[in-house]
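Q: predicted model, plus sequence, below.
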Amino acid sequence: MNLPGRIRRAYRRWSVDSRLDRLNSRFDRREPGDAGGRAYDHAETVRDYYDLCHEFMEFGWGESLHFAPLVPGETLEDAVVRHQRLMIGKLELKQGMRVVDVGCGVGGPMRRVAREAGVTVVGVNNNEYQLAQAKSKNVEARVDHMAEYVRCDFMDMGVLEASAFDAAYAIESTCHAPDKEGAFAEIYRLLKPGALFWGQEMCLTNAFDSGDPDHVSIKEKLMRGIALNHIASFGEVNRALEAVGFEVVEAADLAANGGPTASWCGPMESRTGSFGNLFRRTPWGRKAMIVAIRLAEAARVFPPNSHKVIEFMNRTADAYVSGAKAGIFTPLYCFLARKTHARPTEADRHSSSGAPPGNTG
């Protein structure tokens with residue numbers, strides 16, 4: 001019942017059509033062979049994407065806007081909690097630490113980390129609307145005294161002091177980086193020597209074949225639907241970490257690791273669970289929601305053309321499922337890296353084999 005008001009507040013300064021047109025124009029500018037020679041700003045593209053989609057994302061998925069490995073019979077909500085607690089344990093967080101959340105969204109993981117680990121979390125986000133939502137939700141959850149907020153691009157976090165953080169995490173955020181090595185270098189700069197960094201990346205798996213037209217089509221749909229400038233391989237992620245000085249402690253695709261699992265995209269196609277979740281996440285539910293919102297637009301309950309955002313997101317959900325079924329895409333390449341005491345030299349980088357540990361490809 002709160003969704004119409006939230007959408008009206010989110011869209012109050014612009015029309016859906018104009019923002020969708022701008023977003024699609026940005027995607028087109030990114031494509032190779034753009035004859036217009038127009039500059040492409042990926043940070044602006046990502047901001048437009050979240051301005052349009054965030055409220056519907058949160059309605060459908062919850063306050064923690066990330067995937068989690070599922071086990072058979074487990075709800076998405078339980079899987080997300082278990083996954084966040086895994087991260088807390090891997091980071092070896094202790095009360096009183098200062099932790100940076102790179103690309104904090106509306107702060108779902110931030111609230112769990114602050115509450116359960118007893119640490120101060122500094123949330124970094126370049127989207128003004130999401131950052132305001134994070135602060136409001138933290139106040140409501142009574143953890144605002146354990147949180148700080150910084151609005152900046154994670155490609156340039158110069159407003160934050162170097163070597164000031166005991167740990168860092170980035171959950172499905174640095175996948176949006178136009179330059180992954182540059183993003184990791186900024187995180188490296190913020191950490192104290194020996195500090196740990198947990199990351200969760202969207203990646204192409206070893207099964208991806210650049211010569212297969214179906215694989216390439218799925219990749220392109222995912223890049224457009226998630227506002228990605230590039231989808232890295234496992235090896236590319238690890239090499240970028242090592243290039244800036246991180247030691248990769250462990251790295252694996254958790255969607256394919258550790259015993260029987262349900263598909264990470266199961267919530268977007270399953271007919272199990274509560275009626276509300278079926279309505280928000282499954283194909284028939286998404287289609288029903290498009291029809292319902294079109295009717296609500298006619299009654300001026302929703303801003304005009306809000307249903308087009310659901311249509312856009314529905315195509316993205318279909319691309320997620322296609323990528324999972326083809327075995328070529330995962331949002332669950334998770335790594336734990338440690339800041340070494342010294343950055344590698346250029347000679348070190350060229351002499352390194354770059355061979356990543358674990359299931360990396």
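A: Arrived safely.
Q: find me the pLDDT at the residue of the chain most remote from its centre, would you?
A: Going by CA atoms, centre = their mean, the residue of the chain most distant from its centre is residue 299, 34.1 Å out. Looking at residue 299, its pLDDT reads 92.
Q: quick one, phi psi at it?
A: Main-chain dihedrals, residue 299, degrees, to the nearest 10: phi -90, psi 10.
Q: contacts only, for residue 159.
A: 150, 152 (CB atoms under 8 Å, 6 or more residues apart in numbering). C-beta here means a position set from N, CA and C on the backbone, and glycine is covered the same way.
Q: now swap in residue 96 and tell me
A: Counted by CB under 8 Å, 6+ apart, residue 96 has contacts 118-120.
Q: and if you look at residue 85?
A: 112, 116.
Q: residue 326 - how many residues pack around it?
A: Neighbour count for residue 326, taken as other CB atoms under 10 Å: 16.
Q: for residue 203, same thing?
A: 24.
Q: now it: how far from residue 299?
A: 43 Å (CB to CB, to the nearest Å).
Q: hmm, residue 310 and residue 16 touching each other?
A: No. Applying CB atoms under 8 Å as the test, residue 16 and residue 310 come out as separate, 10.6 Å apart.
Q: what's the pLDDT at residue 345?
A: 50.
Q: give the buried residues for the longest strand seen in the chain.
A: As assigned by DSSP state E, the longest strand anywhere in the chain is strand 191-204. Residues 191, 195-204 are the ones in strand 191-204 that count as buried (16 or more other CB atoms under 10 Å).
Q: same thing with stretch 167-177?
A: 167-177.
Q: likewise for stretch 326-345?
A: Neighbour-count burial for stretch 326-345 flags 326, 328-339, 344 (criterion: 16+ other CB under 10 Å).
Q: tell me which of those fall in strands.
A: Of those, the ones assigned to strands by DSSP E are 329-339.
Q: verify the contact between residue 49 and residue 227 for me.
A: Yes. Residue 49 is within contact range of residue 227, at 3.8 Å (criterion: CB under 8 Å).
Q: overlap in contacts of those two?
A: residue 23.
Q: can I get the CA coordinates of stretch 58-76 in CSV?
A: What follows is stretch 58-76, C-alpha atoms only, in CSV (Å, rounded to 0.1, in the frame of the first residue of the first chain):
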residue,chain,number,x,y,z
GLU,A,58,13.2,-2.8,-3.0
PHE,A,59,9.4,-3.7,-3.3
GLY,A,60,10.3,-6.9,-5.1
TRP,A,61,13.5,-8.0,-3.3
GLY,A,62,13.8,-6.3,0.0
GLU,A,63,16.2,-3.8,1.6
SER,A,64,19.3,-5.9,0.8
LEU,A,65,19.5,-5.6,-2.9
HIS,A,66,21.8,-8.5,-3.7
PHE,A,67,21.6,-12.2,-4.5
ALA,A,68,22.5,-15.0,-2.1
PRO,A,69,23.2,-18.7,-2.5
LEU,A,70,20.1,-20.7,-1.6
VAL,A,71,19.7,-24.2,-0.3
PRO,A,72,16.6,-26.2,-1.2
GLY,A,73,13.6,-25.1,0.7
GLU,A,74,15.2,-21.9,1.9
THR,A,75,13.5,-18.5,1.5
LEU,A,76,15.3,-15.6,-0.1
